[in-house]
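Below is the sequence, then the predicted model.
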Amino acid sequence: MSASPRMLCLLLALAPASALADLLLHDAWIGAVPPTAKVGALYLVLENTSQQTVHLGRTTSADAARIELHQSVHAADRVRMESRETVPIPPGARVDFAITGHHYMVWFDQQPAPAPGARLQFQVEVIGATPLSVAAEVRRPAGTSVNAVQQQGPAGHPHEHAPIDDANVHDHH
C-alpha cells in the first residue's frame, strides 16, 4: 500500500487484540479557527480491516485543555451535537469523523488558537488496546477564506456550543 503525504496509516502490530494491526487512520486535521477562539474540531477517517469490532474512547493531548467525542444528530431542521463515550467501528467498516457525523471537539489551552499549518498531537483511546497516536494539521476547510472561518467558527460552519437540554447536547445552526 502506498501512502500519500496527507495519509497516516497506523498499523499497530504489537498492540494487544490483533484488531489494531488492521486499524487504519487517514487524513487527521483540525479546522482552523480565529486566534481568539477557544474551541475547534478534530476530524479523521478510520478504517477497521480486522475481523472484530474496535471501540474508540477518550482522546487526550498536551495541546488541549479538554477534548470531547461528539456526534452530530439531525432533527427538526436543526443539527445538535451529542456527547459520546465511545464509537464502535465494526469489522470492515470505515468511519469518517466529520462535521456531519462523529468528531472530537477540542478546547485549546493556548492563546492564540493554533494557526493553519500547526501540528497537534493526540492520543485516541482504543478500548482494551494501545492508544492511537495521531498528528493532526490545522487547516482551513476547502473553499473557505480566513474571513469566512472567523465569521463562521470551527470548520467553517455556523454553530453554537451552548447546552440545550443537558451538558452533553449542543446545537449547530
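Ah, there it is.

Going along the chain, name the helices of this structure.
Applying DSSP state H to the chain gives helices spanning 146-152.

Let me know whether Pro34 touches Pro114 as I believe.
No: look at Pro34 against Pro114 with Cβ atoms under 8 Å: they stay out of range, at 11.3 Å. For glycine as for every other residue, the C-beta is placed from the backbone atoms N, C-alpha and C.

Which of those two has more residues huddled nearby?
With neighbours defined as other Cβ atoms under 10 Å, Pro34 and Pro114 compare such that Pro114 has more, 22 against 16.

wait, what's in contact with that one?
30, 40, 63, 108, 120, 138 (Cβ atoms under 8 Å, 6 or more residues apart in numbering).

can you list the weak-confidence ranges in the chain?
By pLDDT under 70, the weakly predicted segments of the chain are 1-21, 142-173.

max-length strand in it?
strand 64-75 (DSSP state E).

buried residues in that strand?
64, 67-70, 72 (16 or more other Cβ atoms under 10 Å).

Just send these back as a markdown table, with distance to Ser133 too.
Below are the buried residues of strand 64-75 laid out as a markdown table (distance: Cβ to Cβ, whole Å):
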| residue | distance to Ser133 |
| --- | --- |
| Ala64 | 15 |
| Ile67 | 14 |
| Glu68 | 19 |
| Leu69 | 17 |
| His70 | 21 |
| Ser72 | 26 |
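
which one among these gets closest to Val87?
Each of these was scored against Val87 by Cβ to Cβ, and Leu69 proved nearest at 6.6 Å.

Excluding sequence neighbours, find me the nearest residue to the closest one.
Arg84 (4.7 Å; Cβ to Cβ, 6 or more residues apart in numbering).

Roughly how far does the one you found sit from Gln71?
5 Å (Cβ to Cβ, to the nearest Å).

Common neighbours of those two, please.
Joint contacts of Arg84 and Gln71 (Cβ under 8 Å, 6+ apart) are His102.

what are the ranges of the strands in the chain?
23-31, 39-48, 54-60, 64-75, 78-83, 87-89, 94-97, 102-108, 119-126, 132-139, 159-163, 169-172.

follow-up on the earlier one: between the buried residues of strand 64-75, which is closest to His103?
His70 (5.8 Å).
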